[in-house]
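got a sequence here, can you build the structure:
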Amino acid sequence: MITLEQAKSLKRGDIIHSNYHKNSDGTCMRWRVNGRVKLWKRNADKVQVPIKYGLRDYDYLHEGNLNFAHLPNNCPRENKENV
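Numbers count the residues shown, from 1 in each chain. Below is the predicted model of the structure:
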C-alpha cells in the first residue's frame, strides 16, 4: 500500500505496482506515473496521481484507492522469487 506521503513524493516517470492486477507471468502489473502529482491547498489529505499502463490505458490514483498499489521496493511477489 502506498501512503499519502509516498504518493505526494512521486514524480513523473516513477514506477508503481498493482496489488490486484497481474501480468500473464504472475508478476505485478507495473504502472508509470504519467504527469505531475496534483495536490490541494485547502485539503492536505487530497492527492491525484496520473498513471499509465501500456499504450492507451490511463487512470488516476487518488486518496481513496492508494491501497490498490505499492512501490517496487515493497513488492511481495518479487521478494518471494528472490529468496
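
least trustworthy helix or strand in this structure by mean pLDDT?
helix 76-82 (a mean of 61; mean pLDDT, DSSP states H and E).

partners of Q48 in the sheet?
K38, H62 (DSSP bridges).

wait, it touches G64, no?
No. Taking contacts as C-beta atoms under 8 Å, Q48 lies outside contact range of G64: 10.4 Å. Any C-beta I mention is one placed from the backbone N, CA and C, and that applies to glycine too.

neighbour count: these two, which is higher?
It is Q48, of Q48 and G64, that has more neighbours when counted by other C-beta atoms under 10 Å, with 15 against 8.

residue contacts, that one?
If a contact means C-beta atoms under 8 Å, 6 or more residues apart in numbering, then Q48 has 37-38, 60-62 as its contacts.

can you select the buried ones among the residues you listed for me in ChimeraX?
To isolate the buried ones among the contacts of Q48 in ChimeraX, judged by 16 or more other C-beta atoms under 10 Å, type:
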select :37,61
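
export the contacts of Q48 as TSV, with columns for distance to L71 and pLDDT.
Shown next, in TSV, are the contacts of Q48 (distance: C-beta to C-beta, whole Å; pLDDT from 0 to 100):
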residue	distance to L71	pLDDT
V37	14	96
K38	19	96
Y60	17	95
L61	12	94
H62	17	94
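
spatially, what comes nearest to the most centrally placed residue in the chain if we skip its sequence neighbours?
Centrality entry for the chain: nearest residue to the mean C-alpha point is I16, 3.8 Å, by C-alpha atoms, centre = their mean. Leaving aside its chain neighbours, I16 sits nearest to A69 (4.7 Å; criterion: C-beta to C-beta, 6 or more residues apart in numbering).

okay, now the unreliable bits of the chain?
Applying pLDDT under 70 to the chain flags the ranges 78-83.

no further questions, thank you.
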